[in-house]
Every structure is written in C-alpha cells, then in structure tokens.
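Colleague: I'll drop the sequence and a predicted model, then ask my questions.
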Amino acid sequence: MLQHCFFILFIFRLKLYVLYRPYYIASAMALNIHYKQINLPFQYPFTISNGRTKTHQPSLIVALQLGNWIGYGEAPAITYYNISVEEMIADLEKNKPNIEKFAFTEPDRFWHFLHHLIPANPFLVCALDMAGWDLYGKMHQQNLYKLWHTEWNNTTITDYTIGIDSIPKMVAKMKAKPWPVYKIKLGTDEDIAIIKALREETDAVFRIDANAGWSLEEALDKIPQLKTLNVEFIEQPLAKDSWGDMEILYKESVLPLFADESCVSEQDVQKCTNRFHGINIKLTKCSGITPALRMIKEARSLGLQVMMGSMNECSVGSAAIANFFPQLDYADMDGPLLLTDDFAKGIAFNYGQVSLTYPYGLGIEV
C-alpha cells in the first residue's frame with residue numbers, strides 16, 4: 001500500500017513537471033535582448049488628413065531570447081505621437097540591464113514590470129510585450145489565439161487602405177488591388193467626390209477614416225451623403241479631445257462611429273461610451289497585447305464594438321493583430337500589403353481572409 005502511494009505521488013509530480021516544465025527551464029535561464037532598426041518602403045506614398053505623408057515606415061524589431069526560444073516584437077515609429085525609433089532604442093539601452101534580470105515565466109507579469117519600468121514609452125513596452133507573448137507561445141508550442149482559448153472559425157477579414165491622393169491616383173490604387181473591403185482615408189475638400197469616383201468602380205465595402213480631420217459641421221454634412229454611397233462606418237471623424245461635439249455627432253450620425261485617436265489606452269475605453277459605437281485598438285499605442293486583451297473585455301461589457309487597427313507594421317506586428325481576429329468585429333491589418341518589403345514571413349492573405357502559417361507564438365518566422 002505504501003509503495004502504491006509513493007508511486008501515485010511520483011506520477012503526480014511527474015505530471016506537474018511536464019505541465020510546468022517551461023517555467024522550470026525558463027527560471028534557470030537568463031533573458032537576452034536583441035534589437036534591429038528597420039525602414040521599409042511603402043508601395044505608394046502614404047498620406048492621411050492634414051497632409052501627413054510618408055514613403056517609408058521606420059520600426060523597431062526586438063527579440064527576447066531564453067535559451068533556444070526567441071520571441072519577436074515590433075513597434076513602428078509614428079511622428080504625430082512624437083516617438084522615434086532612436087528614442088525607443090535609447091530607452092531600451094537604458095533599461096536593458098534591468099529587463100535582462102527579469103525572471104520571465106509568463107507575459108502578464110512581464111508587461112506589468114515593463115509598464116512601471118518604462119511608463120513614458122508605450123511603443124517600446126508594446127514591442128517587448130509582443131516579444132514576450134511570442135516567446136511564451138513558443139515555450140508552450142501554441143499560437144496565441146489558442147492560448148486565449150479562441151478558435152479560428154468565421155474570423156473577420158482585413159480591409160485594404162487607400163491613402164489620400166488625387167482622385168485618379170486613388171482610383172488607380174483601388175483598381176490595382178481588388179479587395180472586398182477598403183478603408184479610405186479622407187479629410188479633404190474633395191471627400192464626397194473621392195467616394196463617388198471610387199464607388200463608380202466597385203461594389204466593395206467602404207470604411208472611412210477621417211483621422212480627426214473634420215469639424216462637427218463637416219461631419220454632420222458629409223456623413224449622410226456617405227451613407228447614400230454605401231459606406232459602412234466612420235473612424236475618428238473629429239479631433240481626439242472633442243468629447244462634447246462627439247456626443248452631438250453620436251446622437252445625429254446615421255452611420256456607426258469608431259474611436260481611434262480618442263481611444264489610445266485602457267483609460268479611454270469608458271469615455272467612448274455614448275460618443276462612439278466602437279473602438280479601434282492599436283497595439284503600439286495602448287502598450288501591447290496584454291492591455292489590448294483587457295480593452296476588448298471592457299469594450300464588450302460596455303456594449304462597444306471592437307476593431308483592431310494597423311500602424312503599418314510589417315508581418316511581425318501584423319501577426320500579433322491577426323491572433324486577435326477571433327475576438328474582433330472588424331480588422332485593419334494590411335501593413336504587409338502596403339509595404340514592398342517585409343521582415344518576416346508567415347501571414348497569408350487571400351482576398352481579405354488571413355491565415356497564419358507557423359503553429360507557435362505569433363505564427364511567423366523571421
């Protein structure tokens with residue numbers, strides 16, 4: 001009987017070891033950080049409202065190495081948020097010794113550590129958090145969406161973005177990329193003429209992103225006209241802090257309204273109720289995958305729809321967005337389609353449908 005009890009105890013301990021083996025191994029290893037600056041060209045110059053144009057997307061790629069496991073993350077530099085790749089590298093170098101001392105076992109703890117260590121640079125925290133999740137998925141040999149207990153069934157599709165340009169050029173861009181859903185950047189004096197010209201060429205779904213480029217009066221005038229042109233919804237019509245005007249527009253709008261610049265972090269989700277119908281979560285802005293999971297949960301509890309958007313990431317950051325697809329109503333994950341070069345492989349696009357090639361972590365291979 002005693003031998004039988006010892007045998008059962010041995011089996012129980014063996015099962016625990018197998019289950020928690022990645023933690024045992026990880027706790028005995030040192031965390032190493034590597035990084036690389038990239039600057040990938042756009043297929044077309046990319047312009048949004050207020051004349052902001054760029055021809056390349058600079059980004060920081062980080063790698064977290066724990067033994068033979070390596071996790072990757074990405075943070076694109078966005079000028080209107082005043083965070084450059086050089087600033088991210090400076091903050092990373094400054095905090096690298098402390099980060100490499102961290103005993104990595106799971107991403108939530110890692111994000112909280114980073115959030116308090118580097119509170120003024122959410123972009124860098126995002127890249128490291130993303131790498132932590134990729135590392136964790138590889139340690140457990142699962143894609144992230146599986147770790148989150150979601151299934152790749154009936155997932156949303158991604159749109160394809162048409163940046164602001166002359167009307168003939170915008171039409172040409174659209175015709176060169178047949179797609180079921182287009183996200184169209186507006187915020188010009190020709191907004192209605194642009195959509196009319198595009199609509200003559202396709203019956204595809206149109207989503208409008210004004211990038212905070214309208215006044216309340218413009219929005220009240222343009223939105224009814226856009227509805228007649230079969231537009232699905234409007235993203236960030238007014239300035240990010242125009243909360244009073246958004247309350248008015250929310251009551252008057254004949255189309256759903258989604259917050260982007262008005263919903264940067266977790267603290268903004270509650271404020272979007274009764275001002276927007278949904279939120280567009282950007283991983284880079286909210287500081288990573290970990291807070292994005294909480295933002296989705298809170299948005300659902302408040303009756304808000306959820307979209308996740310691209311900041312023109314290559315396939316590293318885009319794969320992180322893709323893992324959220326089972327949880328989203330809408331997706332804007334077309335960064336790899338807009339760029340002429342990439343840093344990783346593993347995302348397959350099929351007329352809006354997205355799939356991940358590799359079975360662990362983010363689902364990509366560098």
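Modeller: Received the coordinates, thanks. Numbering: from 1, shown residues only.
Colleague: Give me the below-cutoff pLDDT ranges for the protein.
Modeller: Regions of the chain meeting the criterion pLDDT under 70 cover residues 1-28.
Colleague: quick one, strands of it?
Modeller: 31-48, 52-66, 69-76, 160-162, 181-185, 205-209, 231-235, 257-259, 278-281, 305-309, 330-332, 347-350, 353-356 (DSSP state E).
Colleague: okay if I get the ones you listed as TSV plus distance to Pro97?
Modeller: Backbone N, C-alpha and C define where each C-beta goes, glycine included. As requested, these are exported to TSV (distance: least, C-beta to C-beta, whole Å):
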stretch	distance to Pro97
strand 31-48	10
strand 52-66	15
strand 69-76	19
strand 160-162	40
strand 181-185	42
strand 205-209	41
strand 231-235	41
strand 257-259	38
strand 278-281	32
strand 305-309	33
strand 330-332	37
strand 347-350	34
strand 353-356	34
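Colleague: Switch the ones you listed over to CSV; also include distance to Lys173 and mean neighbour count.
Modeller: Output for the strands of the chain, formatted as CSV (distance: least, C-beta to C-beta, whole Å; neighbours: other C-beta atoms under 10 Å):
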stretch, distance to Lys173, mean neighbour count
strand 31-48, 6, 16
strand 52-66, 14, 20
strand 69-76, 21, 25
strand 160-162, 5, 24
strand 181-185, 9, 22
strand 205-209, 14, 23
strand 231-235, 18, 23
strand 257-259, 23, 26
strand 278-281, 22, 24
strand 305-309, 19, 23
strand 330-332, 16, 24
strand 347-350, 17, 16
strand 353-356, 21, 18
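Colleague: Among those, which comes closest to Asn143?
Modeller: strand 353-356 (6.3 Å; C-beta to C-beta).
Colleague: same for the closest one, what does it pack against?
Modeller: Secondary-structure packing of strand 353-356 (3 or more C-beta pairs under 8 Å, 6 or more residues apart in numbering; DSSP states H and E): helix 315-322, strand 347-350.
Colleague: ok, residues contacting the shortest one?
Modeller: What it means is strand 347-350. Contacting residues not belonging to strand 347-350 are listed as 158, 315, 318-319, 322, 336-337, 354-357, 363-364 [C-beta atoms under 8 Å, 6 or more residues apart in numbering].
Colleague: Of those residues, keep whichever come out buried.
Modeller: Neighbour-count burial (16 or more other C-beta atoms under 10 Å) is assigned, among the contacts of strand 347-350, to Thr158, Ser315, Ser318, Ala319, Ala322, Pro336, Leu337, Val354, Leu356, Gly363, Ile364.
Colleague: Regarding stretch 324-344, how distant is the last residue from the first?
Modeller: End-to-end distance of stretch 324-344 (C-alpha to C-alpha, to the nearest Å): 19 Å.
Colleague: and if you look at stretch 271-280?
Modeller: Note: stretch 271-280 ends 14 Å apart using C-alpha to C-alpha.
Colleague: Please state the offset of it from the chain centre?
Modeller: Distance, stretch centre to chain centre, for stretch 271-280: 18 Å (C-alpha atoms, centre = their mean, to the nearest Å).
Colleague: What are the buried residues along that stretch?
Modeller: Buried, per 16+ other C-beta under 10 Å, within stretch 271-280: Cys272, Arg275, Phe276, His277, Gly278, Ile279, Asn280.
Colleague: what's the answer for stretch 118-134, then?
Modeller: For stretch 118-134, the neighbour count (16+ other C-beta under 10 Å) marks 118, 121-134 as buried.
Colleague: Would you mind listing the two of those residues that lie farthest apart?
Modeller: Of all pairs drawn from the buried residues of stretch 118-134, the greatest distance, 19.7 Å, lies between Asn121 and Asp134 (C-beta to C-beta).
Colleague: Alright, I will stop here.
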